[in-house]
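**Student:** Let me see the structure of the following:
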Amino acid sequence: MRESSVYRAIITIEELEELGQALTKYVRYMLYDNTLRKDRIEIQEMILEEVADVEICLDKFKKLMCIEECDLDAIKQFKENRLNQM
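**Tutor:** Predicted coordinates:
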């Protein structure tokens with residue numbers, strides 16, 4: 001059974017949210033939040049795992065949406081150039 005684009009979008013959003021939570025924990029750690037129950041190593045491992053999950057989901061979503069890497073690379077280059085001019 002081929003997954004639907006709606007299902008893939010939901011899974012991708014969930015993984016992005018999990019990465020957001022891991023990054024929030026990192027910021028809290030950097031701000032010396034005493035209520036945080038994880039150390040730096042655990043947080044880095046969480047971030048690494050979530051980045052991997054997000055990349056997998058984005059790869060699947062790009063295939064589903066027929067997004068070509070060359071088109072994506074052109075947009076990335078344009079945006080990086082714009083950021084470098086600031």
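**Student:** give me the low-pLDDT residue ranges for this protein?
**Tutor:** Of all residues in the chain, those with pLDDT under 70 make up the ranges 1-3.
**Student:** what ranges do the helices span in it?
**Tutor:** 5-30, 40-64, 69-84 (DSSP state H).
**Student:** What is the longest one packed up against?
**Tutor:** So that's helix 5-30. Applying 3 or more C-beta pairs under 8 Å, 6 or more residues apart in numbering; DSSP states H and E, we find helix 5-30 packed against helix 40-64. (Each C-beta comes from the backbone N, C-alpha and C, glycine too.)
**Student:** Please point out which parts of the helix it packs on sit buried.
**Tutor:** If you call a residue buried by 16 or more other C-beta atoms under 10 Å, then helix 40-64 has these buried ones: I43, M46, I47, E50, D53, V54, C57, F61, L64.
**Student:** ok, now stretch 68-84?
**Tutor:** Buried residues in stretch 68-84 (16+ other C-beta under 10 Å): none.
**Student:** Go ahead and name everything in contact with it.
**Tutor:** Residues from elsewhere that reach stretch 68-84, judged by C-beta atoms under 8 Å, 6 or more residues apart in numbering: K62.
**Student:** From M86, how far off is the closest residue to V51 other than its chain neighbours?
**Tutor:** Counting by C-beta to C-beta, 6 or more residues apart in numbering, V51 lies nearest to L19, which is 6.5 Å off, once chain neighbours are set aside. Distance of L19 to M86, given as C-beta to C-beta, to the nearest Å: 25 Å.
**Student:** And these two? Which one has more around it.
**Tutor:** Each of L19 and M86 had its neighbours counted (other C-beta atoms under 10 Å), and the higher figure belongs to L19 (20 against 4).
**Student:** Quick check, the more buried one in contact with A52.
**Tutor:** No: between L19 and A52 no contact is recorded; they are 9.8 Å apart, counting by C-beta atoms under 8 Å.
**Student:** list the contacts for I67?
**Tutor:** Under the criterion of C-beta under 8 Å, 6+ apart, the neighbours of I67 are F61.
**Student:** which phi and psi does it have?
**Tutor:** I67 has phi and psi values of phi -90, psi 120 when expressed as degrees, to the nearest 10.
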